[in-house]
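> Dropping a prediction and its sequence here:
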Amino acid sequence: MRLEEVEREIRAALARINRPDPGYVLDLQPRGDGTPHVEGQGPFFDLVVDDGGAERTRETLDGHELLYRVLRRETRLIAMRIERETRRVQVPGWLVMVRRWWPGALDGIVGTDDYARSTWIDAHVRLMSHLRQDYGARVHNENDALLRRFPLTAAERRNHRKLDLSRFGVR
């Protein structure tokens, strides 16, 4: 695959999840913020992560693998954003009293939320499966390996919820 073909496939995939971006192009230069960029025109590419002017990683990939990696990143960011938007924070009763005198006091500092990695992981797998079944299976296997190494906490297991992805065309 050539660079233009990879970008065309990415745009088509984003459109399939109701996130059309007709102007989507891959970054060809480092931003310096950890965002991956691509070097090369195909059929092989270097996927480079540059952070603060220092190259962190460089991998040589073919176009199909590059397509998978970019879509995996894009859909993971979507899944994590949706999880964050649906998160509920529970604050202790005493904080309610403090907020009467000092609105916004200690927001985001005190309290617990219902975060669970399994929530965004499930959404990520479903988004990738919607694009291609083999992509979903691959993301599922990658996350299973991660969870074997770093298991969910009891709170994460208790807080798991299934996100509504209907706006992305996913059941």
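Cool, the structure landed.

> Contacts for stretch 148-159 next, please.
Stretch 148-159 is touched from outside by 114-119, with contacts defined as C-beta atoms under 8 Å, 6 or more residues apart in numbering. C-beta here means a position set from N, CA and C on the backbone, and glycine is covered the same way.

> Quick check: of these, which has the highest neighbour count?
Counting by other C-beta atoms under 10 Å, residue 119 has the largest number of neighbours within those, with 23 neighbours.

> How many neighbouring residues does the closest residue to that one other than its chain neighbours have?
Leaving aside its chain neighbours, residue 119 sits nearest to residue 83 (4.9 Å; criterion: C-beta to C-beta, 6 or more residues apart in numbering). When neighbours are counted by other C-beta under 10 Å, residue 83 registers 22.

> Please identify which of the contacts of stretch 148-159 is nearest to residue 50.
Using C-beta to C-beta, residue 117 comes nearest to residue 50 of the contacts of stretch 148-159, at 26.9 Å.

> what is the mean pLDDT for the strand or helix carrying residue 146?
Element membership for residue 146 (DSSP states H and E) is helix 133-149. The average pLDDT within helix 133-149 is 98.

> same question, stretch 14-30
The average pLDDT within stretch 14-30 is 95.

> Not counting it itself, show me its contacts.
3, 6-7, 10-11, 35-39, 48, 50, 70, 74-75, 78, 127, 130-131, 167-170.
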